[in-house]
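Enquirer: Show me the folded form of this:
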Amino acid sequence: MGIPKRVAVFLDGTWNTVGDNTNVWRLKSLCDPADPQQTVYYSVGVGTQLGEKIRGGLFGYGLDHEITDAYKWLVDNYNEGDKLFIFGFSRGAYTARSLSGFISKCGLLKPGSPLSINQLYDRYRRRTDKTIRGLLQSVESGTTSQANLTLEELWLLRYSNPISIDFIGIWDTVGSLGIPIGIKRNIAKYRFLDTHLRLSNAHAYHALAIDEHRASFSPTLWTKTTLAGANPAPARPVENVEQRWFAGAHANVGGGYPSDLLAQIPLRWLMAKAASHGLKFRWTVEIDQTNVDPPVADSYASFLWGIYGRFSSRYFRPIGASPSVGTVATTSIINETIDRSVFDRWRRNPSYRPQNLDDWAKRNGADPSKIMGSVLATDPNVNVPD
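Expert: Presented below is the predicted three-dimensional model:
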């Protein structure tokens, strides 16, 4: 085994093309190409033709291939001991989370395995099949005998490695499938995908857009579910897992608008997080001060040439929502925070008064103009590292 290297996977959104200046593309281009201990993979998403974009954006077309293509690249390039980083924006964020779920459930195949990637992906699709770690645990504890394993299970244990994902960094996952608009019968086959946070995700960070008002672009945050009567899983430290709100619409946070300085702030945040965990960059991004209050895009008004607003009301994403308590389980959002730049903007710009941020402040008895620094969304009196 050689010197461990850093392996980074970058997955862009459906509607983007190479050079669209998304934060995924920017971060990939900032990676140091001269470092022999670092290798990167970039996917622009589904095709570059309008028809492919529409099929991908509306119906999930190409999602399976995006996941398995990235997985195949990892089989060819990842070696035991390497550090794995995964990044994504929008539909690419959903793809990144699905790839992470695929690896968490099935491990990473060793080159030359008699199991194919498609076989393994089919196993991933079947919710009832045991994870590779579950199988290992049951065999090692004696709960299950190897004689009782299927051939596929035996091969999974022999030819796949249960690796950890050192870092996952995503910008604004939208919709339950990362697909903002969808027809249920056409996208139902993708609902098997596992996008939850797993213990094999050592460090995970999610940048979120406060000012996205399209209801069909509702954010998909990482959550924790605790069954009634069960002990909750140990809390993840905010230093390791964080979901942070930034000023801006969907593509202000994930990038893609021309000459948009707002996107620099969430880019710099995730870049700093990745650098602190070992990813090497050619240079750092400094916040451009040409315009200290870059405009927030009104994506709601402009979407689909203004037609969208005729059929859908303006939506305000909830910030710091209370846990959802049911008779069977309680679901809560994991480590939700608000960036200091949001409060700086509130102080500088009297016209910046997002309804959802104002509602959050009133619920928590907070004055946004007096908050200095980044804070927990569940308690504005608790500061978190920038």
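Enquirer: Setting aside sequence neighbours, what's the nearest residue to residue 366?
Expert: residue 380 (4.2 Å; Cβ to Cβ, 6 or more residues apart in numbering). Just so you know, the C-beta spots here come from the backbone N, C-alpha and C atoms, and that holds for glycine as well.
Enquirer: give the contact list for that neighbour.
Expert: Residues counted as contacts of residue 380 (Cβ atoms under 8 Å, 6 or more residues apart in numbering) are 338, 361, 364, 366, 371.
Enquirer: CSV please, covering those and showing neighbour count and pLDDT.
Expert: CSV is the format used below for the contacts of residue 380 (neighbours: other Cβ atoms under 10 Å; pLDDT from 0 to 100):
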residue, neighbour count, pLDDT
338, 28, 99
361, 21, 98
364, 17, 97
366, 18, 97
371, 20, 98
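Enquirer: Of those residues, which belong to helices?
Expert: Counted as lying in helices by DSSP state H, out of the contacts of residue 380, are residue 361.
Enquirer: Columns distance to residue 81 on top of the contacts of residue 380, output as JSON lines?
Expert: Shown next, in JSON lines, are the contacts of residue 380 (distance: Cβ to Cβ, whole Å):
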{"residue": "338", "distance to residue 81": "37"}
{"residue": "361", "distance to residue 81": "47"}
{"residue": "364", "distance to residue 81": "44"}
{"residue": "366", "distance to residue 81": "45"}
{"residue": "371", "distance to residue 81": "42"}
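Enquirer: For residue 361, see how far away the residue nearest to residue 366 is.
Expert: Shown here: residue 380 relative to residue 361, a distance of 8 Å by Cβ to Cβ, to the nearest Å.
Enquirer: With residue 305 instead?
Expert: In terms of Cβ to Cβ, residue 305 sits 35 Å off from residue 361.
Enquirer: Same check on residue 267?
Expert: From residue 267 to residue 361 the distance is 26 Å (Cβ to Cβ).
Enquirer: Also residue 269?
Expert: Following Cβ to Cβ, the distance that separates residue 269 from residue 361 is 22 Å.
Enquirer: pLDDT value on residue 305, please?
Expert: The model reports residue 305 with a pLDDT of 89.
Enquirer: Assign a three-state SS to it, would you?
Expert: Using DSSP: H, G, I helix; E, B strand; the rest coil, the structure places residue 305 in helix.
Enquirer: Burial check on it, number of neighbours?
Expert: When counting by other Cβ atoms under 10 Å, one arrives at 6 neighbours for residue 305.
Enquirer: got the contact list for it?
Expert: If you count contacts by Cβ under 8 Å, 6+ apart, residue 305 has none.
Enquirer: One more: residue 22?
Expert: Going by Cβ under 8 Å, 6+ apart, residue 22 touches 12-13, 16, 89, 251, 254-256.
Enquirer: Can you name the residues that contact the closest residue in space to residue 356 that isn't next to it in sequence?
Expert: Once flanking residues are discounted, residue 356 sits nearest to residue 316: 4.1 Å by Cβ to Cβ, 6+ apart. Listed by Cβ under 8 Å, 6+ apart, the contact set of residue 316 reads 213, 354-356, 359.
Enquirer: Tell me the secondary structure at residue 316.
Expert: Using three-state DSSP, the structure places residue 316 in coil.
Enquirer: And it, what's its pLDDT?
Expert: 97.
Enquirer: For it, give me phi and psi.
Expert: Per-residue torsions, residue 316: phi -120, psi 120 (degrees, to the nearest 10).
Enquirer: Ok, the one 5 residues further on next?
Expert: Note on residue 321: its backbone torsions stand at phi -60, psi 140 [degrees, to the nearest 10].
Enquirer: Tell me where the model's unsure across the stretch 51-200 of the chain.
Expert: Flagging of the stretch 51-200 of the chain using pLDDT under 70 yields the residue ranges 51-61, 175-195.
Enquirer: Let me see the ranges of the helices in it.
Expert: For the stretch 51-200 of the chain, the helices defined by DSSP state H, counting those that start in this stretch occupy 63-77, 91-106, 117-125, 132-140, 151-159, 184-187.
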